[in-house]
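Enquirer: Have a look at this prediction, sequence included:
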Amino acid sequence: MASFLQSFLDPKKNWFAAQHMKALSTRLRHYGLRYDDLYDPYYDLDVKEALNRLPREIVDARHQRLKRAIDLSMKHQYLPDDLQAMQTPFRTYLQEMLALVKRERAEREALGALPLYQRTIP
């Protein structure tokens, strides 16, 4: 079942998945974003921890991309075509660190240790 689902979601094997990936790539290029920029650190604490572990330059570049995207969205504009051509929306910078954080959290839970971070209501 898992292999069927994986092949169904693979853009190389499924035409619909390829079309979805193309449309998503176009939308991300319009605003100069990367796919990893869409992860919300307030929603998932693993994302927040992964962002804290990344180098400061990468996090600053992420914030600049998000600010630019918000600014363009508020102005109802897109990036110029020459800048859109330079964008790399599916180049990841967060996935490896996020996978490491999730593995560490799962290991801590398996060993019965307390979680490193918990959601608190202010």
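Expert: On my side now, so go ahead.
Enquirer: Pull out the buried positions in the longest helix belonging to the chain.
Expert: Once the chain is assigned using DSSP state H, the helix that runs over the most residues is helix 56-74. Of the residues in helix 56-74, those buried by neighbour count under the rule 16 or more other CB atoms under 10 Å are 62, 65, 69, 72. From N, CA and C alone the C-beta is placed, and that goes for glycine too.
Enquirer: what about it, average pLDDT?
Expert: For helix 56-74, the per-residue pLDDT values average out at 97.
Enquirer: Low-confidence stretches in this protein?
Expert: Filtered on pLDDT under 70, the chain yields the residue ranges 1-9, 119-122.
Enquirer: Just want the most central residue of this protein.
Expert: Geometric centre of the chain, nearest residue: residue 36, 1.8 Å, by CA atoms, centre = their mean.
Enquirer: Name the nearest residue to it, ignoring sequence neighbours.
Expert: Take residue 36 and drop its neighbours on the chain: the residue closest to it by CB to CB, 6 or more residues apart in numbering is residue 94, 4.0 Å away.
Enquirer: quick one: contacts for the one you found?
Expert: Residues in contact with residue 94, defined by CB atoms under 8 Å, 6 or more residues apart in numbering, are 36, 39, 47, 50-51, 54.
Enquirer: So what touches stretch 46-57?
Expert: Contact partners of stretch 46-57, identified using CB under 8 Å, 6+ apart, comprise 39-42, 59, 62, 93-94, 97-98, 100-102, 105, 116-117.
Enquirer: let's go with 6 Å and repeat that
Expert: Applying CB atoms under 6 Å, 6 or more residues apart in numbering, the external contacts of stretch 46-57 come out as 39, 41, 59, 94, 97-98, 101-102.
Enquirer: what's the farthest-apart pair in those?
Expert: Greatest spacing in these, by CB to CB: 59 and 102 (18.8 Å).
Enquirer: Thank you kindly, that will do.
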